[in-house]
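Peer 1: sequence below, structure please.
(3 chains)
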Amino acid sequence: MPEGARKIRVTCEVNGKPAALDAYPMARLLDVLREELGLTGTKEGCGEGECGACAVEIDGALVNSCLVPAVHAEGAKIRTIEGVARGDRLDAVQQAFLAHGGAQCGICTPGMILAATNLLARHPEPTDAEIREGLAGNLCRCTGYVKIFESVVAACREAEPQP
Amino acid sequence: MTMPANSRLIGKSVQRKEGREKVTGSARYVDDLTFPDMLHGATVRSTVLRGRIIGIHFGDGIPWNEFTIVTARDIPDKNCVALIIEDQPCLADGVVNHPEEAVLLLAHPDKYLLEEARRAVRIEIEPLPAIFTIEDSLAKKEIIWGEDNIFKSFLVEKGDADAAMATAEIIVEGEYETGAQEQLYIEPQGMIARASAAEGVTVWGSLQCPYYVHKALKGIFCLPSERVRVVQTETGGGFGGKEEYPSMLAAHAALLALKSGKTVKMIYDRAEDMAATTKRHPSRTRHRTGVTREGKLIAMEIDFTIDGGAYETLSPVVLSRGTIHAAGPYLCPNVRVRSRAVATNTPPHGAFRGFGAPQSVFALERHMDRIAEAVGITPDELRRRNFIHQGETLAVSQVVREKVDMEKLMARAFELSDYHAKRERFRSENAGSGAIKRGIGFAAFLHGAGFTGSGEEYLASEAAMEATPEGRVRVLAGSTEMGQGTNTIFTQIAADALGIAPDQIDDQIEIVRPDTAHVPNSGPTVASRTTMIVGKLVESAAKMIQQSLIESGMLKPGYRAEEFASACASYIAKFGSLKSFAKYEQPKDLHWDDDKYQGDAYGAYGWAVYVAEVSVDMRTAEVRVEDFVAVQEVGTIINPVLAAGQVEGGVAQGIGLALYENVVWQQGRMINGQMTNYIMPTSMDVPPIRVWFEEVPYERGPAGAKGIGELPLDGTAPAIANAIAHATGIDIRRIPVTPEVLAEMMETVHA
Amino acid sequence: MRSYLPAYELAAPRDLADVLDRIAREPGAWKLFAGGTDLMVLLEAGKLAHKNFLSIWKLPELRGIEIATDHVTIGALTTYTDVRRNGTLAGEFPLLARAAAETGSIATQNRGTLGGNIANASPAADSPPALLVYDAELEIVSTRGTRWSRYDGFHSGYKKMDLRYDELIRRIRLPRARQAWKQYYRKVGTRRAQAISKVCFAGAAQVDAGRVSDVRLALGSVAPTVVRARETEKLLRGERLSPSVLRAAQEVLAHEIGPIDDMRSTARYRRRVSQNLLAEFIEMLSQ
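Peer 2: A predicted model of the protein is given here:
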């Protein structure tokens, strides 16, 4: 059997809580989140960073977790879909997705919501072009993007002002 | 029976029933589930087009004793995944007939070691001659299936096409082709199985048709119905791609589970899913059409062929629908449609939204624009002179019962898209030397909802309902939610039928997860039938519950919503339970002749006119859809947001079919099976899509609704193709219109 | 996920000196791992042959953008997002900013790096044509010291480059020399976003009274390496722009590139589009 790496311990913060993970250094962050932490909200759609279903935030930056090795999570602040709502209180984007039909089968939705909240954090009043670009890395096969777009626009209008 | 109030929820954009789980990431798809002591399963596949298996070699360096290994020899009963006929083996036995055919299954607790093991198995195959084009199959270059490579053929005749053609003043011919298209649901296929001689087989997975899987497993494991259980997990898109294939995957997982004695999970990665599972049937259509000098259709000869891949699977039904839709929403007194589904050594093609109609409608609508040109009238004038009306007969000799008004739909579509002005403006602007040419085009089409002919009668679908003492209503149907809105639509229908208050539907209505142990067989979730056929059964079941309550005196007609719960409690206290059961009844006035392929093909049709506006960059031959208008009549709209969502999503898939989604084949194998290289539209590739519904209630549908899901796939690609032709003057004959193909055609024109 | 994870090592070295030391002492044993946007794709596909990697992702010595009077010097681990957000780069080096904006998606841009892009040496990469037009130079370091190499000619063949086993790209330097030039960048991909390039064209020229006093042209995805279209430049240099000059330039360009048929596109298409983009570039110069 091929020999090689041993598992390493990665200390980080996930959705505001400290986490200690044992993982092979090249393990995908996607798998570590899903399997070690049981956070199955982040999805695998393509395994090559094309579909965005695995999108999470690392230190505020949107990344495809299927392309991030576990060792790079060391010391990072990670946010997944499970960390978007505050307890029972849904984020404005989540509420808008519900009100405007932004989710159909739902598999792209976690990544899409991460991309949308990340976009709004960077551009609180995005132009249409900025919205399209911000979501361009998240593929959706069900909606044709129309109601996702409408949801994000609605969320901008309803979002709380930044402190 | 009277309803307590007029519809409170029909026509409202009620929020998605399972929406909260989806936006919080708590919805559980099959790969989100784990079981204790679970094994992972993998499939070892043929790399060869066609051949004889002469050996299976297990490489060094793998602890094979730790693995569960399954071959065809381990199959308890019939080695076949039953669909219509029984020609597709569950595991190849002695021969393989297409690349990626499953030969061997492996299971192990460590999914990484499993991958190493998969790579270490070598299947030695002695190649046999193979074919992979429609032409070679028809030419019988090699007989690879049956006696003549033909899975199925149809002949539809109306009037006398030969005689009429001889009198035609103008005859227009053309050949049109469509390529394969991958469904590309963002959640790949997956199944989890548990099996033992004592308990039978249980599977959980991503699927559209729990009872199809159920039937397939019964056959493979030789088990009675009650010892096979199929549970649908939250399904991340299907589009037909999870109509038949899940049966194969479920069987594989269950075989491994049976042999290992453990629960086995099999999840395909994207590459395997694209390479091995079904795609839209490629097609070739030949039209020969005779018209009068004024452009009235008098004879249509249509020759329609689809490539079914290596096994029959559902090809006859895809062929059927394509055949029936081949002559469109037009009145032509003399029609002959000859069609066939042929075999090639590629992975079998299968169901994909539209199911044969996108193929034949593309051909027809491109052809109609060419006929208009030959006659010297506008494309819309040609349609106007030939649109079918109520009381007239379609090509399959079906008398149109509905009050169809295609002219009105076309007028509305033109109004919303500013068609006429743009048609003229682009024509004059394109004459200049600019690098961007613009075009606008349309397609007029119809789509039959429900199973063809006697199909619904054969399915004999059922739905059930039961009430709890707390007044909670449980809807029991085998129809699956996969994003299209089944759960929400059923909730609205049931709530309105029972007079349950809109703000109580979350608590009072439960859509039971499709699980063959608990829900009846409502037929497959396909064919745009879920709202129209099964929704009607849900409505009926609800009305029966209401009837029971009223007849027993627990409720009075005109009752208030708040009274419903206590009435249920009283009824159940007195009678023990409150249940109802609805079964499909074929309307007596629908008649279909399976031999002549004539008669009432569908109970109802959706009717539509779609307009596409494109820009073509003449330097790069890139086509961009700039604007899109989708106008349709599909009966009453139960939920506007869901209905529009179906159209918008379907149009996006149609844009992919028209421009981007090119399956690159090399010797029967798809070589661009990664999302990097198989291109579906991103948010930057889809234009604003304006959707309009003309509502004409269909009296046999629940609250007047008809089917909607597949309709958008029929008209999107031809509208775009016609727009490209308008922009560039190039005669588009096949999709996808990739820049490479368009550039070649441009060079030919300007050489 | 088609690789046997336990077989892979991804070590996190202390600092740059540690990295240089290791790759010098153990020739060929270690490969460098930056953002991982290329390597992780190979890993998932079961195609990552090499097993031992050193992660340089967090090394501060490889980050940072320095603005000097005559040059801008960019750390090799500068991400595409960093490039887009830097005012000087966006203002004075618009082709590089455009390349960064058209690479992958926001998520990819947050992890993809310029140095990684160069070292991966994909002929379809989006930044190399811009770097060539800007006369980029690479600072290459090893335990033996530092050297500067022109990026032009750095790639000698498909996936080959002028980098010894013990060397690492530390910085990329761009002379601030093109501000007054007219600049053009166009990537023709498989779709509007998240697209691999079929043809990528970067061009810049100094035009005085209708005459091209100097020009740089570079193309991606049309040869085994990024192409500096020297012969086409030579033809254009000193010429007055006209349709016949354009036609002659297109002829020469067609012979300077070596596009192929692959699953994304065809040689014929790539050649024709390259010529058409040259026309678009020339047209822009004439305005």
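Peer 1: so which bits of chain A are right by chain C?
Peer 2: Counting by CB under 8 Å from any CB of the partner chain, the positions of chain A adjacent to chain C are A:2-5, A:24-28, A:31, A:47-50, A:52, A:55, A:61-64, A:66-69, A:71-72, A:74, A:115, A:118-119, A:133-134, A:136-139. Placement of C-beta: from N, CA and C, glycine included.
Peer 1: who touches the closest residue to B:I267 other than its chain neighbours in this structure?
Peer 2: For B:I267, the nearest residue in space outside its immediate sequence neighbours is B:G190; the separation is 4.0 Å by CB to CB, 6 or more residues apart in numbering or on different chains. Under the criterion of CB atoms under 8 Å, 6 or more residues apart in numbering or on different chains, the contact partners of B:G190 comprise B:Y29, B:V30, B:D31, B:G205, B:S206, B:L249, B:K265, B:M266, B:I267, B:Y268.
Peer 1: pLDDT, neighbour count and secondary structure added to those residues, as TSV?
Peer 2: Formatted as TSV, the entries for the contacts of B:G190 read as follows, by pLDDT from 0 to 100; neighbours: other CB atoms under 10 Å in any protein chain shown; DSSP: H, G, I helix; E, B strand; the rest coil:
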residue	pLDDT	neighbour count	secondary structure
B:Y29	98	21	strand
B:V30	98	25	helix
B:D31	98	20	helix
B:G205	98	28	strand
B:S206	98	31	coil
B:L249	98	29	helix
B:K265	98	24	strand
B:M266	98	26	strand
B:I267	98	24	strand
B:Y268	98	20	coil
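Peer 1: the residue nearest the centre of chain A sits in which helix or strand?
Peer 2: Within chain A, one residue has its C-alpha closest to the average C-alpha position: by CA atoms, centre = their mean, that is A:V56, at 3.1 Å. Taking DSSP states H and E as the definition, one finds A:V56 inside strand A:55-58.
Peer 1: need the contact partners of that strand.
Peer 2: When contacts are defined by CB under 8 Å, 6+ apart, strand A:55-58 is touched by residues A:29, A:33, A:42, A:62-65, A:68, A:72-73, A:76-80, A:110-112, A:114-115, A:118, A:137-138, C:107.
Peer 1: try stretch A:78-96
Peer 2: Here stretch A:78-96 makes contact (CB under 8 Å, 6+ apart) with A:12-16, A:29, A:33, A:39, A:41-42, A:56-58, A:98, A:102, A:109-111, A:113-114, A:116-117, A:120, A:151-152, A:154-155, A:158-160, B:20, B:23-26.
Peer 1: who does the residue nearest to the centre of chain A form a beta bridge with?
Peer 2: On the basis of DSSP bridges, A:V56 is bridged to A:V63.
Peer 1: quick check: closest non-adjacent residue to the residue of the stretch 51-200 of chain C found nearest chain A.
Peer 2: For the stretch 51-200 of chain C, the residue positioned closest to chain A under CB to the nearest CB is C:S105, at a distance of 2.4 Å. The spatial neighbour of C:S105 that comes closest, neighbours along the chain excluded (CB to CB, 6+ apart), is A:G137 at 2.4 Å.
Peer 1: touching, that neighbour and C:T108? I think so.
Peer 2: Yes - in this structure, A:G137 is within contact of C:T108 by CB atoms under 8 Å, at 6.8 Å.
Peer 1: shaky segments in chain A?
Peer 2: Judged against pLDDT under 70, the low-scoring parts of chain A cover residues A:1-4, A:159-163.
Peer 1: what ranges do the helices span in it?
Peer 2: A:29-31, A:92-100, A:109-122, A:128-135, A:146-158 (DSSP state H).
Peer 1: please parse the chain into its domains.
Peer 2: Reading this off chain A. Split into domains by automatic domain parsing, chain A comes to A:8-83, A:92-158.
Peer 1: meant chain B actually
Peer 2: Using automatic domain parsing, chain B is parsed into the domains B:19-28+B:455-583, B:33-128+B:184-276, B:283-452+B:595-750.
Peer 1: what sits against whichever residue of chain A sits closest to chain B?
Peer 2: Closest contact between chain A and chain B, by CB to the nearest CB, is at A:G41 (2.3 Å). Taking CB under 8 Å, 6+ apart as the definition of contact, the neighbours of A:G41 are A:T80, A:I81, A:E82, A:P110, B:T24, B:G25, B:S26.
Peer 1: coming back round to it: out of the contacts of B:G190, flag the one nearest to chain C.
Peer 2: If you rank these by distance to chain C using CB to the nearest CB, B:I267 comes first, at 10.2 Å.
Peer 1: could you tell me which residues of the stretch 51-200 of chain C lie near chain B?
Peer 2: For the stretch 51-200 of chain C, the residues in contact with chain B under the definition CB under 8 Å from any CB are C:V188, C:T190, C:R191, C:R192, C:A193, C:Q194, C:A195, C:I196, C:K198, C:V199.
Peer 1: neighbours of the closest residue to B:C222 other than its chain neighbours, how many?
Peer 2: Closest residue in space to B:C222, ignoring its immediate chain neighbours: B:D77 at 3.6 Å, by CB to CB, 6+ apart. Using other CB atoms under 10 Å in any protein chain shown, the number of residues around B:D77 comes to 11.
Peer 1: which of the three states applies to B:D77?
Peer 2: Counting by DSSP: H, G, I helix; E, B strand; the rest coil, the backbone at B:D77 sits in coil.
Peer 1: just to check, it is in contact with B:I220?
Peer 2: Yes - look at B:D77 against B:I220 with CB under 8 Å: they come within range, at 6.0 Å.
Peer 1: quick one: low-confidence ranges for the stretch 151-287 of chain C?
Peer 2: The low-confidence ranges in the stretch 151-287 of chain C, as defined by pLDDT under 70, are absent entirely.
Peer 1: repeat that with 90
Peer 2: Counting by pLDDT under 90, the ranges of the stretch 151-287 of chain C that qualify are C:287.
Peer 1: repeat that for the stretch 551-700 of chain B.
Peer 2: Filtered on pLDDT under 90, the stretch 551-700 of chain B yields the residue ranges B:667.
Peer 1: show me where it has strands.
Peer 2: Using DSSP state E, counting those that start in this stretch, the strands assigned to the stretch 551-700 of chain B run over residues B:578-583, B:592-593, B:598-599, B:604-617, B:622-633, B:665-666, B:669-670, B:689-693.
Peer 1: distance of C:T266 relative to B:P739?
Peer 2: When distance is defined by CB to CB, to the nearest Å, C:T266 is 10 Å away from B:P739.
Peer 1: more neighbours: those two, which one.
Peer 2: B:P739 (23 against 19).
Peer 1: and that one, what is it in contact with?
Peer 2: Residues near B:P739 by CB under 8 Å, 6+ apart: B:T620, B:A621, B:E622, B:V623, C:V188, C:K198, C:S265, C:Y269.
Peer 1: highest neighbour count among these?
Peer 2: For these, neighbours were counted by other CB under 10 Å; the highest total belongs to B:V623, with 28 neighbours.
Peer 1: that one and chain C, how far apart?
Peer 2: Distance of B:V623 to chain C, computed by CB to the nearest CB, to the nearest Å: 11 Å.
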